[in-house]
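[1] let me see the structure of the following:
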Amino acid sequence: MKTTPEMLATTGSIRDLFATREWSDTALGPRELWAPSLEVSVSMMLDSLLPMWICWGPEMLLIYNDSYIDILGNKHPESMLKPYAEVWPEVWEYLAPITIEAFAGRSTFLKDTELLLRRTERDEKAWFTYSITPLRNAGSVAGFIGTAIETTSHVISQRQKVSDAERLEQMFDQAPGFMAVLEGPSHKIVIANKMYMQVVGHRQVLGKTFREALPDAVEQGYLTMIDKVYASGVAHHAQVVNYAVQPIPNGPIELRVVDFILQPITDSYSNVTGIFIQGNDVTEQTQAREQIIHVNAELSSIVNQQMVTQRELAEADARKDEFLAMLSHELRNPLAPIRAAADLLQIASSDERRVRQASQIISRQVSHMTELVDDLLDVSRVTRGEVALDCMPIEISEIITEAVEQVAPLIRTRHHEIGLQLSPELLYMSGDRKRLVQVIVNILSNAAKYTNNGGRLLVRTAVVESFVQLDIIDNGIGMSKVLIDRAFDLFAQAERSSDRTSGGLGLGLALVKSLVNLHKGTVTCESDGPGKGSKFSVRLPRIPSPDGANTRQPDAIPAQQAASSLRIMVVDDNVDAASTMAMLLETSGHQVSVAHNAFQALMRVESEKPQVCLLDIGLPDMDGNELARRLRGESGTASSVLIAVTGYGQAEDRRQTLAAGFDHHLVKPLEINVLNEILSRVADAH
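    Residues are numbered from 1 along each chain as shown. Modelled structure (predicted):
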């Protein structure tokens, strides 16, 4: 049997094909043997100017007329005598039920049906109105005939009209001015947008006459204006007109100012049929105009303030640059001895005394860098309001004693004298002990740093009205008025001289102010000028002495003891960090193994059965939290103590490690005393 393209290539139109073609070599067989219903349907199809097609036989072989070619597109001429399902596979899910209906003897008519056709190189949406009628042979359905009209242009046009109408309605409703349409001589309100409803007080007006809906407007003469426009057919313009409205029944009357136009609506015979109202509520603009004189009077003041603000911004920017320079300096200072100590360890690794000295240098400098980072994080947390106070009754002398102990090394180094003048009364306040100690330490450290060697410091307390007042006084370098004004700003510092290179980052006093404010207190500073010392005063609300709180408990300082020997596994992809930690632990008598990734650790835990695992969170092949969960599932480490070692120490980070199965969360760089205390408790438990 010849292919369909060959069949059509030998003739002109499809009508010619059916008239001249020998059909005996096709699936339909010789034409003289065709069923009468098929012969009649083919004749009717070929005579029709509408797109028509016939599907015949159980395979539903497709034949069609010339008009149907436009529907087929690129599918012609291959579609001739092809099974219907193979011609339209992209919409067969939709067409299949219709063909079933046809073979069941039922006709189908569908209007403006949407189909996604692939009749060109790309898919396209098209709409059709079509009917399908069964064709019978010897009493049974042998096929069906269909007629289709593509209505794509019509559907798109209708949808565009609907879209345009909706868009027009939306524009009307969302117009910035108020609009309404009144109909007939009674002025029935048939359309009103949101702004109109807002102007008239959001009352029910649609479907009512102007007189019924807006009696307050009638009393103010607006109905008379509308009647005049309706009678004359001449538009009425009004500007800056007062309109008193009562938005809520029996409520207060609001005075608004409006600009509006009443435009007559006419029919094709120029007869007035309604009124179009359009306008704007200009109440705010009118009030603004009335304030212009006042605004102009204040303009000079605002400009001056802006100039002051610009100067302040420039000063803040300069302080930021100075801070960045100081930060660079403060971070580079400890890096130099650390680098030198590291070089020394490489050169003199067999010299025990030099190794010990180098280790002490590195430990001191790392502690200093940690303090700098902690200061930065502390200021960030406080300024973002992320610090929660653990308040309890505290007697002020307790926190003074603790603060003086912390600052004592600096005071001794600079050979200062410190005096305490404490009130004979027990002065209680409600506060966070750690944070209040931090406040006093920061102020006292500043006093010690900015007082020449051999200076005098004084700490005294007193009761001022309902407050506990703490004064810290020094005879140091003093402050200028400019410095006093910005003493508690971020990055603010006195002039740094050569003997004050450890002066810090200018964060301490800003942190003091934030913490004191959190305690509902105040902090101030005074100085008679450069070289005349300074005085810092902190005031905090006083509370009554609690029962049984008159005796302070002596401080308990637990002794640091080395833990008994434990089996410990260190898992860290940083080779230097892992090796250093292993050496420290081995020095304390522990048996230590090292793995540099999670896979190594999991392979070895069953045989090594470590009692303690120190896990870095940022491992290359699996994060530490997931490794912890895996270790909890291993028999060799199900009951081991898991310690997270990470540079992240926020509350959310600690929550995640706890949920993963860790027993402890330590922040890098590790405090070896804290780790030893944990290991000591583990050893005691074993």
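[2] quick one, strands of the stretch 401-550 of the chain?
    Secondary structure of the stretch 401-550 of the chain by DSSP state E, counting those that start in this stretch: the strands cover 417-421, 428-432, 456-464, 467-474, 522-526, 534-543.
[3] weakest of these by average pLDDT?
    Note on the strands of the stretch 401-550 of the chain: lowest mean pLDDT is at strand 417-421, with a mean of 87.
[4] Met60 is nearest to which of the strands of the stretch 401-550 of the chain?
    The closest of the strands of the stretch 401-550 of the chain to Met60 is strand 428-432. By CB to CB, the value is 84.8 Å. Every C-beta, even on glycine, is put in place using the N, C-alpha and C of the backbone.
[5] how close does the closest residue to Lys609 other than its chain neighbours get to Asp25?
    Spatial nearest neighbour of Lys609, excluding adjacent residues (CB to CB, 6 or more residues apart in numbering): Gly636 at 4.4 Å. Going from Gly636 to Asp25 by CB to CB, to the nearest Å gives 81 Å.
[6] the more surrounded of these two?
    Using other CB atoms under 10 Å, the more surrounded residue of Gly636 and Asp25 is Gly636, with 15 against 12.
[7] next, the contact list for that one, please.
    Taking CB atoms under 8 Å, 6 or more residues apart in numbering as the criterion, Gly636 is in contact with Val605, Glu606, Ser607, Glu608, Lys609, Pro610.
[8] would you map the helices across the stretch 51-200 of the chain?
    Listed in chain order, the helices of the stretch 51-200 of the chain (DSSP state H, counting those that start in this stretch) span 69-72, 84-87, 92-103, 152-174, 194-199.
[9] how about those, which one is nearest Leu675?
    Checking those against Leu675 by CB to CB gives helix 152-174 as the closest, at 66.4 Å.
[10] element containing Leu615?
    In the assignment (DSSP states H and E), Leu615 maps to strand 612-616.
[11] just checking, what packs against that strand?
    strand 567-571, helix 598-608, helix 624-632, strand 641-646 (3 or more CB pairs under 8 Å, 6 or more residues apart in numbering; DSSP states H and E).
[12] and the angle for that strand with helix 598-608?
    Interaxial angle, strand 612-616 versus helix 598-608 (axes from the mean of the first three to the mean of the last three CA atoms, to 10 degrees): 180 degrees.
[13] what lines up beside strand 612-616 in the sheet?
    Paired strands of strand 612-616, with direction, are strand 567-571 (parallel), strand 641-646 (parallel) (DSSP bridges).
[14] got a list of contacts for that strand?
    Strand 612-616 is contacted by residues 566-574, 577, 581, 601, 605, 624, 627-628, 631, 637, 640-646, 662, 679, 682 when judged by CB under 8 Å, 6+ apart.
[15] can you say which of the residues you listed are buried?
    Neighbour counting by 16 or more other CB atoms under 10 Å classes 566-572, 577, 581, 601, 605, 624, 627-628, 631, 637, 640-646, 662, 679, 682 among these as buried.
[16] related to what we said a few turns ago, looking at the helices and strands packed on strand 612-616, which is nearest to Phe467?
    For these, proximity to Phe467 was assessed by CB to CB; strand 641-646 is nearest, at 42.1 Å.
[17] select from the contacts of Gly636 the one having the most neighbours.
    Going by other CB under 10 Å, Pro610 tops those with 25 neighbours.
[18] the nearest residue to that one once chain neighbours are set aside bridge partners, please.
    Nearest residue to Pro610, sequence neighbours excluded (CB to CB, 6+ apart): Met569, at 3.9 Å. Under DSSP bridges, the beta-bridge partners of Met569 are Ser593, Cys613.
[19] re earlier: now render the strands of the stretch 401-550 of the chain as JSON lines, adding mean neighbour count and distance to Ala217.
    Output for these, formatted as JSON lines (neighbours: other CB atoms under 10 Å; distance: least, CB to CB, whole Å):
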{"stretch": "strand 417-421", "mean neighbour count": "13", "distance to Ala217": "78"}
{"stretch": "strand 428-432", "mean neighbour count": "21", "distance to Ala217": "61"}
{"stretch": "strand 456-464", "mean neighbour count": "16", "distance to Ala217": "64"}
{"stretch": "strand 467-474", "mean neighbour count": "22", "distance to Ala217": "61"}
{"stretch": "strand 522-526", "mean neighbour count": "16", "distance to Ala217": "58"}
{"stretch": "strand 534-543", "mean neighbour count": "20", "distance to Ala217": "59"}
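[20] of the strands paired with strand 612-616, which is nearest Leu313?
    Across these, closest to Leu313 is strand 641-646 (CB to CB), at 37.9 Å.
[21] buried stuff in the helix or strand that the closest one is followed by?
    Going down the chain from strand 641-646, the next helix or strand is helix 651-660, by DSSP H and E. Using 16+ other CB under 10 Å as the test for burial, helix 651-660 gives Asp653, Arg654, Gln656, Thr657, Ala660.
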